[in-house]
Each structure stands twice: as structure tokens, then as C-alpha cells.
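A.B. asks: Just to be clear, the model below is a prediction. Sequence and coordinates:
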2 protein chains.
Amino acid sequence: IDKPAIIPTENRIATIMKYGFPGLDNIRSFDDYVLSYDRKTRTAHWVFEHLTSEHVKHNNEVDRAKCDFKPDESIHPFFRADNTDYKKSGYDRGHLAAAGNHKKSQNHVQQTFYLSNISPQVGVGFNRDSWNRLESYVRKLTKVYQNVYVCTGPLYLPRKETDGKLYVKYEVIGTNNVAVPTHFFKVVVCETKDGKLEMESYVMPNEKISDDTPLESFRVPPESVERAAGLLFFDKINRKMLNKVNGKKV
Amino acid sequence: IDKPAIIPTENRIATIMKYGFPGLDNIRSFDDYVLSYDRKTRTAHWVFEHLTSEHVKHNNEVDRAKCDFKPDESIHPFFRADNTDYKKSGYDRGHLAAAGNHKKSQNHVQQTFYLSNISPQVGVGFNRDSWNRLESYVRKLTKVYQNVYVCTGPLYLPRKETDGKLYVKYEVIGTNNVAVPTHFFKVVVCETKDGKLEMESYVMPNEKISDDTPLESFRVPPESVERAAGLLFFDKINRKMLNKVNGKKV
Ligand SMILES: [Mg+2]
Ligand SMILES: [Mg+2]
């Protein structure tokens, strides 16, 4: 018998969000990632991706160099970041959902260039270096694991000042006051072929980081990211059922 | 014919929110006010109230002194403020939905004492004085207008520092890192008997304010509050249909 000519596509959003939404504020579903927008900071609360070796492998049809950073017109103009906000700010337009994670089509990679998926990041030593190193590391997990789920976002962490009190302090850039996060997080869940789950959780300061700093030194308990971000990651997974957290049996 | 013994109560929430939700993040509906909770700052994004002379008039059955500040157990423990956070912080537990606006029952006023409705406020000169003056002023609007709709919330406004850059900076208190807002806003819509609408919009710094500072000096264009808060106020009202904004014909 003939196979049907049109194979029903999976529900991509349901796949990406399989293990739960970290929060429900201002959700945007793109073709290959999901984003929650923070209208107050003009950048995302979080973005969520599902990676497999298929999604990250080299594709001749896809050319990142052809992509342009674009304002996300789905955001109300009061809260929308613009390219002019980044001009002369000293910061890179840093991807949250990494461009290199979305190589199945030119449209997929182009969608990661919406400014809703961008945060002001230190260029040298961070976006172009250690943060990129973390992104590559996460991509390579698809060589070992069947499915990799990644949640990425900004943090605005408090610091103790000389008066002994804790303060949150961050720069805002451009006429739209786009917030410059103090840190960024990535929380990753890896799924083996037989359904075993492992979690890794990283927080990196938005600053120049030496290239020889091992990625493991940025691992933190997922709970501490959750408290700081106001989010709950992978809440459909009972954390006691995780095989490993940050490389350690639990 | 007999009238029904049970008069259907109005849908209180629909009444309070008649002119639109400022945002949709973590909504809590109490009996006489509605709140959107910010899990990152451990205080509200905004609270919404509907006032009439009935709601604010003296009621012998209601005793504010019997109320206790209580953690809001509906908030996940990671993001919930506790009374201990305020202890020795130097800040008052300041109401967003004012206790004096909810005098129809003891239960109504008690619900304004949930810590989700509370922000750290400077006591002398602000919570106990000028902010209280603004709350009283809004209550008195019910003597003139049939319906008064009030949205109240915290702001975290940027300031230019000596390096010429803009920074958002705010203290966080207690083990739960409850944010101390730099400012608070109130956006008010007054409805006359014949359905005419007027809007007033206030921003006050969370600091000691001289008692002789006129309330009018804290009036700001509603748009500027919207941009700063990441919210849209009364978005079901076409702003061109407002009779007055901040006391001036539009
Ligand atoms: Mg990058
Ligand atoms: Mg008060």
C-alpha cells in the first residue's frame, strides 16, 4: 500500500515544552523555539529549545550570514527593543536561543535574530568566547543524548555593597531602556534513548571570562537559578527521578 | 410575584477589571481586589481595585487592628515573601491595595494583609504620610464619582550615574530578597454617573516626602508609567475618549 504523501508534522511546540513551562508571562511560539518576553526589561524572561543531532548538524541551505537582527513586531512598541538601542552601547546583540541550534531551515535561524531573543552581552570574553563555549558544549550533548532540552535566560543578581546591604543593579541601554543582565543561565535536560534524564544548570556572569575557566565551574544547583529567576524549570519532571544533576548521581 | 430569595451577586472580578488587565502574569483574584504577582521581586506587578462610596465608608464591623500580615500561601515557597524579610529591614510593610479601601467585610480588609499585596516602603514621610495622603485622596474621589478604578504598583526606575550611563538599582531585603521599589505608581480612572471617564496618573519616589508637597506635583503622563512598568493600563478604554487626563481636557 502507498504511504501517505503528507506526513503529519509533529507538534513542535509540544515537543519543545514537553517538560513544562518555566513561567507563563507573554509567551511567543516561534517555529523552532519558545520565548517568554519581559516587557519591563525589553528582553526575554527565558527561551526554550529542543535539540537533537538533526537540528544542529551542518546544513548547506542555511546561511547565518544572511540573517538580520530585527525588532520583534509582535511586541507592543512601548516595550520593544530596537537595533538603535544597541548602537554604541558597547554590548553585543547576544542570542539567547543560539543561532547554531536552529539549522533545519533558513527561516528557523532567522527567527533567532528577533531582538526579543537578544540580550545585551559583553562581546569579547563572553558572547564571543566563554558563553559561546557553553553553547557549543550544549550542542555537542546531542551526540550522546537522544533529546536535549535547554532553557536560557537573563538574571539580575543582587550584590552586597559596602553598606552591608544587598542591591540589584544593572545598566539599561538605548531609548528603550533595554536591561543589561548581570548574569545568564542555562538549564539543560538530557534524555537518553531509554528515557533516563540528567540535568545540568549553569550561571555565567555577563563579563569577560578567561577562556581557560572550565565550564563546570559555572555549574550551580538548579534551585538557586529558579529562586533568582522567579521561574520553575522542567516542573513536570520529579527531580528525584533525575539520574544525575550537574554530573552527580542524586 | 415573589422576588428570588437569593439575589445573584455581581461578578466582582469582572467589575474590578472592567477596563482591561494591565498584564497577565500570575494573576490572583481576591474577594475585593485583583493582583498580578512578580515572582522575581517577591512583590506584586500591580493590584487593581474598584472603589465606590459603599466600599470605603466607615463600617463598625470591620477592625483593621485585628488584621495580621500573612505570607500568601498561594505563592510557591521559592518566591514568597515572609514577615521575617521585613524585620529589621528599616522598611514598613506597605499596602498596595490600601486596607482602607476594603471596608465591606473583615475578610476583605484581612485579604489586603497578604504579603503579596505588600511592598517595602519607607515609613516616615512616605507610607505613613504622603503615600497615605494619595490613598486618602483616591478614596475621596468616590464622593464625586460613581466608580473609581485604581491600579497600583511598584516601579524600578533607572537613574543616570556619574559615568553618564543609566542604571536600575534597588535594594533587596531578607532571605527571600524582597525588592525595595524605587517608586510607586497609581493610575486611576473615575467614572461619572453619565459614563464620562477621567484618568489620573501618579508616580511617587519611595522616600521621605515633605507633607506640604502638593499631590499634583506627582502627576505624570500615563504612558510614561506604562513604559516603565511594562504594563498597559485600562487598555479597553480608547484614550482619546477620556474626558480629562491629569485634570486637563484631552
Ligand atoms: Mg552569542
Ligand atoms: Mg500604607
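C.D. replies: Looks like it came in fine. Ligands and ions are numbered 1, 2, ... in the order given.
A.B. asks: Report how many residues lie close to A:Arg80.
C.D. replies: Close neighbours of A:Arg80, defined as other C-beta atoms under 10 Å in any protein chain shown, add up to 19. Glycine gets a C-beta too; all of them are placed from N, C-alpha and C.
A.B. asks: ok, now A:Arg93?
C.D. replies: 20.
A.B. asks: A:His58 now?
C.D. replies: 7.
A.B. asks: Could you list which residues are in contact with the residue lying closest to it once chain neighbours are set aside?
C.D. replies: Spatial nearest neighbour of A:His58, excluding adjacent residues (C-beta to C-beta, 6 or more residues apart in numbering or on different chains): A:Lys103 at 7.0 Å. Applying C-beta atoms under 8 Å, 6 or more residues apart in numbering or on different chains to A:Lys103 gives the contacts A:His55, A:Val56, A:Lys57, A:His58, A:Asn59, A:Val62, A:Val109.
A.B. asks: again, only using 10 Å
C.D. replies: By C-beta atoms under 10 Å, 6 or more residues apart in numbering or on different chains, A:Lys103 lies in contact with A:32, A:54-62, A:64, A:109, A:139.
A.B. asks: With A:Tyr137 instead?
C.D. replies: Here A:Tyr137 is in contact with A:Lys186, A:Val188, A:Glu200, A:Tyr202, A:Leu215 (C-beta under 10 Å, 6+ apart).
A.B. asks: which stretch of helix or strand covers the first one?
C.D. replies: If you go by DSSP states H and E, A:Lys186 is part of strand A:183-191.
A.B. asks: now the next helix or strand after that strand: how far from the chain's centre is it?
C.D. replies: As assigned by DSSP H and E, the chain's next helix or strand after strand A:183-191 is strand A:197-205. The chain centroid and the centroid of strand A:197-205 are separated by 11 Å under C-alpha atoms, centre = their mean, to the nearest Å.
A.B. asks: So the lengthiest helix in chain A, near ligand 1 or not?
C.D. replies: Assignment by DSSP state H gives helix A:131-140 as the longest helix of chain A. No: Helix A:131-140 is not in contact with ligand 1 by C-beta under 5 Å from the ion; minimum separation 5.7 Å.
A.B. asks: Mind listing what's buried along that helix?
C.D. replies: Judged by neighbour count using 16 or more other C-beta atoms under 10 Å in any protein chain shown, the buried positions of helix A:131-140 are A:Trp131, A:Arg133, A:Leu134, A:Glu135, A:Val138, A:Arg139.
A.B. asks: Over to stretch A:105-117?
C.D. replies: Buried, per 16+ other C-beta under 10 Å, within stretch A:105-117: A:Gln106, A:His108, A:Val109, A:Gln110, A:Gln111, A:Thr112, A:Phe113, A:Tyr114, A:Leu115, A:Ser116, A:Asn117.
A.B. asks: helix, strand or coil for the residue lying closest to the first one once chain neighbours are set aside?
C.D. replies: Take A:Gln106 and drop its neighbours on the chain: the residue closest to it by C-beta to C-beta, 6+ apart is A:Val62, 5.3 Å away. A:Val62 falls in the coil class when you classify it by DSSP: H, G, I helix; E, B strand; the rest coil.
A.B. asks: any idea how far ligand 1 is from A:Val62?
C.D. replies: 17 Å (C-beta to the ion, to the nearest Å).
A.B. asks: Also A:Phe113?
C.D. replies: 11 Å.
A.B. asks: A:Asn243 is in contact with A:Val250, correct?
C.D. replies: Yes: taking C-beta atoms under 10 Å as the contact criterion, A:Val250 and A:Asn243 are neighbours in contact, 7.7 Å apart.
A.B. asks: what touches both of the two?
C.D. replies: A:Glu198, A:Met199.
A.B. asks: In chain A, where is pLDDT below threshold?
C.D. replies: A:1-9 (pLDDT under 70).
A.B. asks: ranges for the strands of it?
C.D. replies: In chain A, the strands defined using DSSP state E lie at A:27-29, A:33-38, A:43-51, A:92-95, A:118-121, A:147-155, A:158-160, A:166-173, A:178-179, A:183-191, A:197-205, A:244-245, A:248-249.
A.B. asks: In the sheet, which strands lie alongside the fifth one, parallel or antiparallel?
C.D. replies: So that's strand A:118-121. strand A:92-95 (antiparallel) (DSSP bridges).
A.B. asks: Kindly report the same for the third one.
C.D. replies: The sheet places strand A:43-51 alongside strand A:33-38 (antiparallel), strand A:147-155 (antiparallel), with pairing taken from DSSP bridges.
A.B. asks: how far off strand A:183-191 does it point, in degrees?
C.D. replies: 20 degrees (axes from the mean of the first three to the mean of the last three C-alpha atoms, to 10 degrees).
A.B. asks: wait, does strand A:43-51 contact ligand 1?
C.D. replies: No: on the criterion C-beta under 5 Å from the ion, strand A:43-51 is out of touch with ligand 1, staying 12.4 Å away.
A.B. asks: got the buried residues for stretch A:72-82?
C.D. replies: A:Asp72, A:Ile75, A:Phe78, A:Phe79, A:Arg80, A:Ala81, A:Asp82.
A.B. asks: Burial check on the nearest residue to A:Gln121 once chain neighbours are set aside, number of neighbours?
C.D. replies: Computed as C-beta to C-beta, 6+ apart, the closest residue to A:Gln121 that is not its neighbour in sequence is A:Gly94, at 3.0 Å. Neighbour count for A:Gly94, taken as other C-beta under 10 Å: 24.
A.B. asks: roughly how far apart are A:Gly94 and A:Asn132?
C.D. replies: 9 Å (C-beta to C-beta, to the nearest Å).
A.B. asks: Give the residues shared as contacts by the two.
C.D. replies: With C-beta under 10 Å, 6+ apart, A:Gly94 and A:Asn132 have common neighbours A:Phe126.
A.B. asks: Identify the residue spatially nearest to the residue in chain A that ligand 2 sits nearest to, adjacent ones excluded.
C.D. replies: Taking C-beta to the ion as the measure, chain A has A:Lys165 as its residue closest to ligand 2, at 22.6 Å. Using C-beta to C-beta, 6+ apart and skipping the chain neighbours, the partner closest in space to A:Lys165 is B:Glu171 (5.6 Å).
A.B. asks: Show me what that neighbour is bridged to.
C.D. replies: A:Tyr167.
A.B. asks: how about the residues of chain A near ligand 1?
C.D. replies: Counting by C-beta under 5 Å from the ion, the residues of chain A near ligand 1 are A:Gly94, A:His95, A:Asn127.
A.B. asks: Please repeat the previous calculation with a cut-off of 6 Å.
C.D. replies: A:Gly94, A:His95, A:Asn127, A:Asn132 (C-beta under 6 Å from the ion).
A.B. asks: B:Glu161: which of those residues is nearest?
C.D. replies: Nearest to B:Glu161, judged by C-beta to C-beta, of those is A:Gly94 at 23.2 Å.
A.B. asks: my guess is the closest one contacts A:Trp131, does it?
C.D. replies: Yes: using C-beta under 10 Å, A:Gly94 makes contact with A:Trp131 at a distance of 7.0 Å.
A.B. asks: Quickly list what's touching both of the two.
C.D. replies: A:Gln121, A:Val122, A:Phe184, A:Asn206.
A.B. asks: which two in those are spaced the farthest apart?
C.D. replies: Among these, A:Val122 and A:Phe184 lie farthest apart (C-beta to C-beta), at 10.4 Å.
A.B. asks: right, is stretch A:241-250 up against chain B?
C.D. replies: No: Stretch A:241-250 does not reach chain B (C-beta under 10 Å from any C-beta of the partner chain); its nearest approach is 16.7 Å.
A.B. asks: any chance of the strands of chain A in JSON lines, plus distance to B:Lys18?
C.D. replies: Formatted as JSON lines, these follow (distance: least, C-beta to C-beta, whole Å):
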{"stretch": "strand A:27-29", "distance to B:Lys18": "25"}
{"stretch": "strand A:33-38", "distance to B:Lys18": "26"}
{"stretch": "strand A:43-51", "distance to B:Lys18": "28"}
{"stretch": "strand A:92-95", "distance to B:Lys18": "41"}
{"stretch": "strand A:118-121", "distance to B:Lys18": "37"}
{"stretch": "strand A:147-155", "distance to B:Lys18": "34"}
{"stretch": "strand A:158-160", "distance to B:Lys18": "38"}
{"stretch": "strand A:166-173", "distance to B:Lys18": "34"}
{"stretch": "strand A:178-179", "distance to B:Lys18": "32"}
{"stretch": "strand A:183-191", "distance to B:Lys18": "39"}
{"stretch": "strand A:197-205", "distance to B:Lys18": "43"}
{"stretch": "strand A:244-245", "distance to B:Lys18": "47"}
{"stretch": "strand A:248-249", "distance to B:Lys18": "53"}
